[in-house]
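1. quick one: sequence plus predicted model below, questions after.
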Amino acid sequence: MKKSRDKIERWILSADQKWKALPEKRQRLFTKLFLAGYCILTILVLISIFITTANDNNTMSISHITTISHHTAMKRQSHDNRTGSTIKK
């Protein structure tokens, strides 16, 4: 665990050194590009949410809660009816 933490810490320090080695204009450009990408992604997600919630087909189906054993019993019963078996229940 400590080795992986040390590797991550070294990687972060080297990335920080590379960032500081960049000219100030380049740092500003990258910061603006990352912010623009983040804003575009946020807008796309919000548009997607508005589109999915604006549909008239969004209805919630409310029904009784069934258990897993109920589903298997229904499958078994439908299978028994199809094969014509004489299994007693």
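-> Alright, I've got the coordinates. Bear in mind that the values here come from a model prediction, so they are computed numbers and not experimental data.
2. how much space separates residue 42 from residue 17?
-> 30 Å (Cβ to Cβ, to the nearest Å). All C-beta atoms are positioned from the backbone trio N, CA, C, and that covers glycine.
3. go on, residue 47?
-> Residue 47 is 39 Å from residue 17, by Cβ to Cβ.
4. ok, now residue 26?
-> 15 Å.
5. and what of residue 33?
-> 21 Å.
6. quick one, what contacts residue 19?
-> residue 27 (Cβ atoms under 8 Å, 6 or more residues apart in numbering).
7. after the one helix or strand it maps to, which helix or strand is next?
-> Per DSSP states H and E: residue 19 is located in helix 2-21. Next along the chain after helix 2-21, taking DSSP H and E as the criterion, comes helix 24-54.
8. any idea how far that next one is from the chain center?
-> With Cα atoms, centre = their mean, to the nearest Å as the basis, helix 24-54 stands 18 Å off its chain's centre.
9. which neighbouring elements make contact with that helix?
-> On a contact count with 3 or more Cβ pairs under 8 Å, 6 or more residues apart in numbering; DSSP states H and E, helix 24-54 meets no helix or strand.
10. between that helix and helix 2-21, how many degrees?
-> 110 degrees (axes from the mean of the first three to the mean of the last three Cα atoms, to 10 degrees).
11. pLDDT (mean, whole number) over helix 24-54?
-> Helix 24-54 shows a mean pLDDT of 94.
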